[in-house]
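Student: the following block contains a protein sequence and its predicted model.
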Amino acid sequence: MDIGNWPLVFTALDHVILYPDEYDQTHWYCRSSCDTFRCLAGWIAWFAGYRDVFDGVGNHRGVAIEGEFRMHVELAALTAMNLNPEIFGELDADCVFGSRHHIIPEPMIDLSSRLFEGNLSLRDILIEVRNMAKNDGVVPTPVTLEAMRDHGIVEKDEVFQ
């Protein structure tokens, strides 16, 4: 299995599908001034318990969970997804907030590009999630499956396991 925390991924994806007005894939740091927009990485991190960290002048500086060190939203989402280290590599326990290319193993950057990049449409993300879920033998939630059907990604009788 590539992803160990599929329930978290589907919780975030279902939220994006059900509340499109709270979703904006073009914002990495996942928050607007009205506190409603998050990208998929932001929603994964949020549902995993990470909370936004701001500097003294209101600039977003990353996320933290219960006093843990601050990290990039993307890294928090990837960490919370519980990725298979044999496939995606190990995260450096001493990593800190910084450039994604210095703290995230290359295979994780590839996965992140396929799920979290700002130029992706919801359909693009649903296609990737479909492929990964089929690979892992995981059945998407009814909300995600319906969205996949609506976008012409899966057929009504398509089997995932």
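Tutor: Here it is on my side, so go on.
Student: low-confidence ranges, this structure, go.
Tutor: Scanning the chain for pLDDT under 70 picks out 27-36, 58, 68-69, 92-103, 161.
Student: just the strands in this protein please.
Tutor: For the chain, the strands defined by DSSP state E occupy 51-54, 60-64.
Student: residue 24 is nearest to which of those?
Tutor: Closest to residue 24 of the strands of the chain, according to Cβ to Cβ: strand 60-64, at 13.5 Å. In short, each C-beta sits where N, CA and C put it, glycine included.
Student: tally up the residues packed near residue 87, please.
Tutor: Neighbours of residue 87 under the rule other Cβ atoms under 10 Å: 12.
Student: residues contacting it?
Tutor: Counting by Cβ atoms under 8 Å, 6 or more residues apart in numbering, residue 87 touches 2, 107.
Student: the same query, at a cut-off of 10 Å, please.
Tutor: Counting by Cβ atoms under 10 Å, 6 or more residues apart in numbering, residue 87 makes contact with 1, 2, 3, 107, 108, 111.
Student: then residue 63?
Tutor: 29-31, 41-42, 45-46, 48-53, 70-77, 97.
Student: could you measure from residue 120 over to residue 23?
Tutor: Going from residue 120 to residue 23 by Cβ to Cβ, to the nearest Å gives 12 Å.
Student: of those two, who's got more company?
Tutor: It is residue 23, of residue 120 and residue 23, that has more neighbours when counted by other Cβ under 10 Å, with 22 against 19.
Student: quick one: residue 24 and residue 89, what's the gap?
Tutor: 29 Å.
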